[in-house]
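**Q** Curious how this folds, go ahead:
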Amino acid sequence: MVKKKACKSCKAFVKGNECPLCKSTDLTTSWKGRIIIFDSSKSEIAKKMNINVKGEYAIKTR
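**A** Okay, here's the model as predicted:
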């Protein structure tokens, strides 16, 4: 099983070698927790994490 990669900048889960949201190539397989945002405008957690786009995110990256 291959562990998912998360962007260190915006914490979005990434397929490939570049984050589609922030265009960063600084990715990690060392992350903790996972959150799925369906509607960032109504989500208090998304606001606290500065997430503006729906998707799957890591809660913490190293």
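
**Q** Assign residue 36 to helix, strand or coil.
**A** Here residue 36 is strand, with the state taken from DSSP: H, G, I helix; E, B strand; the rest coil.

**Q** just use 894 as the starting number from now, easier for me
**A** All right, first residue 894 from here; so that's residue 929.

**Q** what bridges to it?
**A** residue 949 (DSSP bridges).

**Q** burial measure for it, as a count.
**A** Neighbour count for residue 929, taken as other Cβ atoms under 10 Å: 9. Any C-beta I mention is one placed from the backbone N, CA and C, and that applies to glycine too.

**Q** ok, now the one 10 residues further on?
**A** Applying other Cβ under 10 Å, we find 19 other residues in the vicinity of residue 939.

**Q** What mean pLDDT does whichever strand or helix holds it get?
**A** Using DSSP states H and E, residue 939 maps to helix 937-941. The average pLDDT within helix 937-941 is 94.

**Q** Show me what that helix packs onto, helices and strands only.
**A** For helix 937-941, the contact count by 3 or more Cβ pairs under 8 Å, 6 or more residues apart in numbering; DSSP states H and E identifies strand 924-930 as packing neighbours.

**Q** which secondary structure elements does the strand it packs on contact?
**A** helix 937-941, strand 948-954.

**Q** dump the residue contacts of residue 906.
**A** Listed by Cβ atoms under 8 Å, 6 or more residues apart in numbering, the contact partners of residue 906 are 897, 898, 899, 900, 927, 948, 949, 950, 951.

**Q** and the residue positioned nearest the centre of the chain, what does it touch?
**A** Against the mean C-alpha coordinate of the chain, by Cα atoms, centre = their mean, the closest residue is residue 905 at 1.8 Å. By Cβ under 8 Å, 6+ apart, residue 905 lies in contact with 899, 912, 913, 914, 915, 946, 948, 949, 950, 951.
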